[in-house]
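Student: Sharing a model that was predicted from the sequence below.
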Amino acid sequence: MTRQQQRKAAGLCIECGNPVGPERFGFNRCVSCAEKAKERARKLHQQRKDARLCLRCGKTAISGMTLCNSCAKENEEKNKEKDNRRKAGGLCPRCGKSVKSGKIHCKSCLEKEREQDKQRVTAGLCMSCGGNTPALPNRIRCRTCTIKYVVKHNCKSIKLAKSLDMKLTNQLFRCPYTGIGLTIGENASIDHKVARANGGTNDLDNLEWVHRWRNRMKSDMGKDEFAEQLDQFLIETVKCRFGVDIKQGIKQ
């Protein structure tokens, strides 16, 4: 048994060996040593923060965060376990208070969230990520969170968010059907080349960015079928408005 373990078993301060005292029952340090430990922790916390190191282990932190990759994953897993445990017990996953039947969060936490969202939107900040990232013009989310929202809405998961962001860059931010420029948060939408109604999947190869209105026009049609429909629409529109038969001219 180490000296600290011996002191702890005897109810003494693990650092100086003096009695902890009845007012600090259950603690391992006396008042004086506890204050010194807090001050050391504050200094270490500030030093790591200034050096952009993980506040827990001292390794290099993830860009824009205060934890390293391994500590962030560990923290996320612990939070998920805690949330699941609270949900299973019919408690609010945020504060641990009881919730009404059929609800996930308590009324107090929902009101706080709504108020925080209003404040962030008023300040022109992203409502989703919680940082100081400004939202897109006339939108409530930043570019990254908007992409995640669109991907989750269309693919039921955000796992492909980064890959689809890169795919938009590879498309040169252009709609493959019309060549119209695509902008996140305005007219860019995700389309399934083979519609899910026809057996299409959420695989990256089956997804592409298209203009929002063209996506609605395409509906459940296949890529080739919709391209033919657009060609026919163009031929009929030009013939109706200008009296020119593009199809006949091409044949000649």
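Tutor: Everything's here; your move.

Student: Low-confidence ranges, this protein, go.
Tutor: For the chain, applying pLDDT under 70 flags the ranges 247-252.

Student: buried ones in stretch 221-234?
Tutor: 223, 226 (16 or more other C-beta atoms under 10 Å). Placement of C-beta: from N, CA and C, glycine included.

Student: Next, please give the residue ranges for the strands of the stretch 151-252 of the chain.
Tutor: With strands called from DSSP state E, counting those that start in this stretch, the stretch 151-252 of the chain shows them at 188-192, 207-211.

Student: Among these, which comes closest to D165?
Tutor: Among the strands of the stretch 151-252 of the chain, the nearest to D165 by C-beta to C-beta is strand 207-211 (9.6 Å).

Student: ok so, going back, deepest-packed of the strands of the stretch 151-252 of the chain, please.
Tutor: Most buried of these, by mean neighbour count (mean count of other C-beta atoms under 10 Å): strand 207-211, with a mean of 23.

Student: So which residues lie in contact with it, not counting its own?
Tutor: For strand 207-211, contacts defined as C-beta atoms under 8 Å, 6 or more residues apart in numbering pick out 154-155, 160, 164, 167-168, 171, 175-178, 180, 182, 187-193, 218.

Student: Ok, stretch 62-69 next?
Tutor: 49, 53-57, 59-61, 72, 75, 131.

Student: try it again with 6 Å
Tutor: 54-55, 59, 61 (C-beta atoms under 6 Å, 6 or more residues apart in numbering).

Student: ok so, going back, okay if I get the strands of the stretch 151-252 of the chain as CSV plus distance to M127?
Tutor: Converted to CSV, those look like this (distance: least, C-beta to C-beta, whole Å):
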stretch, distance to M127
strand 188-192, 19
strand 207-211, 23
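
Student: one step back: out of the contacts of strand 207-211, which are buried?
Tutor: 154-155, 160, 164, 168, 175-177, 182, 187-193, 218.

Student: These in helices, which ones?
Tutor: Taking DSSP state H as the definition of helices, the buried ones among the contacts of strand 207-211 contribute 154-155, 164, 168, 218.

Student: Go through the residues you listed and say which is closest to F25.
Tutor: For these, the nearest to F25 is C155 (54.0 Å; C-beta to C-beta).

Student: measure the closest one to L182 for me?
Tutor: 18 Å (C-beta to C-beta, to the nearest Å).

Student: Kindly reformat the ones in helices among the buried ones among the contacts of strand 207-211 as TSV containing distance to A34.
Tutor: Formatted as TSV, these follow (distance: C-beta to C-beta, whole Å):
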residue	distance to A34
N154	53
C155	51
L164	51
L168	54
K218	66
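
Student: of these, closest to Q229?
Tutor: Closest to Q229, out of all of those and judged by C-beta to C-beta, is K218, at 8.4 Å.

Student: Tell me if I'm right that the closest one and F226 touch.
Tutor: Yes - with contacts counted by C-beta atoms under 6 Å, K218 reaches F226, the gap being 4.5 Å.

Student: nearest residue to S163 other than its sequence neighbours?
Tutor: Nearest non-adjacent residue to S163, counting by C-beta to C-beta, 6 or more residues apart in numbering: L204, 5.4 Å away.

Student: Could you report the neighbour count for that neighbour?
Tutor: Number of residues near L204 (other C-beta atoms under 10 Å) recorded here: 14.

Student: go on, N79?
Tutor: Neighbour tally, N79, other C-beta under 10 Å: 11.

Student: quick one: it and K43, what's the gap?
Tutor: N79 is 27 Å from K43, by C-beta to C-beta.

Student: Pull up the distance across stretch 11-28, start to finish.
Tutor: End-to-end distance of stretch 11-28 (C-alpha to C-alpha, to the nearest Å): 8 Å.
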